[in-house]
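Engineer: after the sequence you'll find the predicted model.
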Amino acid sequence: MKVIVDQAIPFLKGALEPFAEVRYRPGREFTPEEVRTADALVIRTRTRCDSRLLEGSRVGMIATATIGFDHIDLAWCARHGIEVATAAGCNARGVLQWVGAVLATLARREGWRPEERTLGIVGVGHVGSLVKSYAESWGFRVVCCDPPREERERCGFLTLEEVARQADLLTFHTPLDASTRHMADARLFQMMRPGAVVINSSRGEVVDGEALPKSGLRWVLDVWEHEPALDPVLLDGALLATPHIAGYSMQGKANATAMAVAAVSRHFHLPLEGWYPPQVERSEPRPVSWEELCRTIPQHYDIEAESARLKQHPETFEALRDNYAYRREYF
């Protein structure tokens with residue numbers, strides 16, 4: 001059995017070696033020639049898995065250590081019997097704490113309390129549900145939009161347009177697909193309150209990066225269209241700007257690696273169910289008050305310093321992301 005692994009996936013070396021020939025490669029350097037003799041791929045978003053890479057290979061399993069899947073041609077894989085597993089939910093608490101840092105920073109800068117603001121959440125899955133729960137406990141009025149969940153569960157969620165009209169802060173936590181690409185566009189921006197803040201830590205293409213600076217709104221971005229080539233107007237105008245690392249917590253990365261290992265283990269019947277990187281202490285979720293968040297978040301994550309680094313040196317976007325010192329989850 002042969003497995004090709006993105007060498008940047010942390011904590012993985014040694015886990016699969018007792019059961020497979022494991023080859024580590026940079027994510028952008030997977031080639032059809034080498035993949036042709038592989039049984040499984042363990043990847044990140046840097047590896048585009050489509051017919052050009054997979055045609056004629058014996059690959060039967062792709063595990064991506066990411067929550068997203070827009071780098072994988074799912075239809076092609078399904079037609080050719082290739083199982084695809086994602087690490088959905090792995091970094092939800094890391095993103096939650098990034099959002100907490102954004103909200104605490106803006107509240108301090110602008111002098112408001114949560115009770116004075118309406119937070120709109122678009123996408124109420126693993127991340128959005130956590131943001132909703134904590135934001136409500138902090139005192140925000142929270143309004144939500146999630147059309148697929150609303151259709152299935154009748155949760156009482158609002159339409160995207162109604163959430164946009166009500167929100168002082170609008171945060172996006174959706175996957176990227178045909179229904180979400182540019183869902184935040186000029187038409188939606190026109191419906192929003194003057195001075196409202198657009199927050200995006202999902203995928204860059206969810207927000208129309210050309211329309212946003214023309215909207216008169218304000219914005220905080222972790223993800224960008226055309227990464228790593230950042231639009232200087234969008235970057236300079238951001239209240240806070242980070243290099244696609246909202247979910248980069250130590251536990252989030254460990255969770256993603258463990259989920260990828262578990263997926264490979266299930267597919268090939270390996271005795272690795274329940275494996276977790278031994279060098280990482282699991283997070284212990286707990287409630288945290290607004291006062292504690294505002295007091296402690298700068299000690300755990302200095303988002304303003306990180307924003308300043310990216311704004312001063314946007315050309316280092318990929319280096320900042322690839323060499324990121326993972327944050328530790330503390331709630």
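Structural biologist: Ah, there it is. Residues are numbered from 1 along each chain as shown.
Engineer: helices along the stretch 51-200 of the chain, start to end?
Structural biologist: The residue ranges that make up the helices of the stretch 51-200 of the chain, judged by DSSP state H, counting those that start in this stretch, are 51-54, 74-79, 92-110, 126-138, 147-153, 160-166, 186-191.
Engineer: which of those helices sits most buried?
Structural biologist: Of those, the one with the most neighbours on average (mean count of other Cβ atoms under 10 Å) is helix 92-110, at a mean of 22. Placement of C-beta: from N, CA and C, glycine included.
Engineer: against which helices or strands is it packed?
Structural biologist: Helix 92-110 makes packing contacts with helix 126-138, strand 169-172, strand 197-200, strand 240-241, helix 250-268, helix 290-300, helix 303-312 when contacts are defined by 3 or more Cβ pairs under 8 Å, 6 or more residues apart in numbering; DSSP states H and E.
Engineer: quick check: closest non-adjacent residue to Ser307.
Structural biologist: Closest residue to Ser307 in three dimensions, ignoring its sequence neighbours and counting by Cβ to Cβ, 6 or more residues apart in numbering: Leu240, at 4.6 Å.
Engineer: how close does the one you found sit to Ile303?
Structural biologist: Noted for Leu240: a distance of 6 Å to Ile303, by Cβ to Cβ, to the nearest Å.
Engineer: which of the helices of the stretch 51-200 of the chain sits closest to Lys13?
Structural biologist: Comparison of the helices of the stretch 51-200 of the chain against Lys13 by Cβ to Cβ identifies helix 92-110 as nearest, at 22.0 Å.
Engineer: give me the mean pLDDT for that closest one.
Structural biologist: Averaged over helix 92-110, pLDDT sits at 98.
Engineer: coming back round to it: how about CSV for the helices and strands packed on helix 92-110, with mean pLDDT and distance to Arg328 added?
Structural biologist: Output for the helices and strands packed on helix 92-110, formatted as CSV (pLDDT from 0 to 100; distance: least, Cβ to Cβ, whole Å):
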stretch, mean pLDDT, distance to Arg328
helix 126-138, 98, 17
strand 169-172, 98, 23
strand 197-200, 98, 23
strand 240-241, 98, 20
helix 250-268, 97, 5
helix 290-300, 97, 7
helix 303-312, 98, 15
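Engineer: among the ones you listed, which is nearest Cys49?
Structural biologist: So among these, helix 250-268 is nearest, using Cβ to Cβ, at 13.7 Å.
Engineer: tell me what the closest one is packed against?
Structural biologist: Counting contacts by 3+ Cβ pairs under 8 Å, 6+ apart, the secondary-structure elements packed against helix 250-268 are strand 40-43, strand 61-64, strand 83-85, helix 92-110.
Engineer: which positions within that helix qualify as buried?
Structural biologist: Residues of helix 250-268 classed as buried under the neighbour-count rule (16 or more other Cβ atoms under 10 Å) are 250-265, 267-268.
Engineer: I'd say Val122 and Glu161 touch.
Structural biologist: No - counting by Cβ atoms under 8 Å, Val122 does not reach Glu161; the two are 11.0 Å apart.
Engineer: hey, what's in contact with both of the two?
Structural biologist: Residues touching both Val122 and Glu161 by Cβ atoms under 8 Å, 6 or more residues apart in numbering: none at all.
Engineer: where does the stretch 1-150 of the chain have low pLDDT?
Structural biologist: Along the stretch 1-150 of the chain, no part satisfies pLDDT under 70.
Engineer: the same query, at a cut-off of 90, please.
Structural biologist: Scanning the stretch 1-150 of the chain with the threshold set as pLDDT under 90 gives 67-68, 70.
Engineer: fine, thanks again, bye for now.
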